[in-house]
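A.B. asks: sharing a sequence plus its predicted fold:
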Amino acid sequence: MLRDREVIRHSLPTGYVNEAPTTILLSLYLSTAALSEAVVASALEADGYPRATKRWFTVIVTDGLARRKDGKIELTGAGLELVEQILAQLGVE
């Protein structure tokens with residue numbers, strides 16, 4: 001698990017230092033369609049950090065890894081490529 005965390009930490013853009021951005025990106029990757037931000041946020045907000053979750057959505061969109069459309073959020077090509085790169089480094093097929 002520690003090795004996996006290091007792989008993820010080194011693969012993400014600088015500043016992506018906690019679990020929230022990883023959870024958001026993986027949730028979007030696992031979805032077959034754009035998800036409502038509320039759906040993704042609900043899992044994260046259970047940890048008690050609703051404001052941080054909203055900030056992470058903004059960062060991920062600003063960094064071009066996801067896009068908002070009609071109240072939903074989905075990975076961009078760059079976001080999809082990043083998640084697939086991380087999964088490959090972890091040996092996940």
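C.D. replies: Right, received. Where do you want to start?
A.B. asks: okay, the nearest residue to residue 15 once chain neighbours are set aside and residue 3: tell me how far apart.
C.D. replies: In this structure, residue 15 finds its nearest non-sequential neighbour in residue 59, 7.7 Å apart by Cβ to Cβ, 6 or more residues apart in numbering. Just so you know, the C-beta spots here come from the backbone N, C-alpha and C atoms, and that holds for glycine as well. Residue 59 sits at a distance of 26 Å from residue 3 (criterion: Cβ to Cβ, to the nearest Å).
A.B. asks: higher neighbour count, these two?
C.D. replies: residue 59 (17 against 8; other Cβ atoms under 10 Å).
A.B. asks: quick one: contacts for that one?
C.D. replies: 15, 16, 21 (Cβ atoms under 8 Å, 6 or more residues apart in numbering).
A.B. asks: just the ones of the residues you listed in helices?
C.D. replies: residue 21 (DSSP state H).
A.B. asks: which of the contacts of residue 59 has the most neighbours?
C.D. replies: Most surrounded of these: other Cβ under 10 Å gives residue 21, at 23 neighbours.
A.B. asks: next SSE downstream of the lowest-mean-pLDDT helix or strand in the chain?
C.D. replies: Every helix and strand in the chain was compared by mean pLDDT, DSSP states H and E; the lowest is helix 37-45, with a mean of 62. Moving toward the C-terminus from helix 37-45, the next helix or strand (DSSP states H and E) is helix 50-62.
A.B. asks: leaving out the residues flanking it, which one is nearest to the residue most central in space within the chain?
C.D. replies: Nearest to the geometric centre of the chain sits residue 25, at 1.8 Å (Cα atoms, centre = their mean). Closest residue to residue 25 apart from its sequence neighbours, by Cβ to Cβ, 6+ apart: residue 83 at 5.4 Å.
A.B. asks: chain center to stretch 68-83: distance?
C.D. replies: Put simply, stretch 68-83 sits 9 Å off its chain's centre (Cα atoms, centre = their mean, to the nearest Å).
A.B. asks: any low-confidence regions in this protein?
C.D. replies: 32-50, 93 (pLDDT under 70).
A.B. asks: repeat that for 50
C.D. replies: Nowhere does the chain drop to pLDDT under 50.
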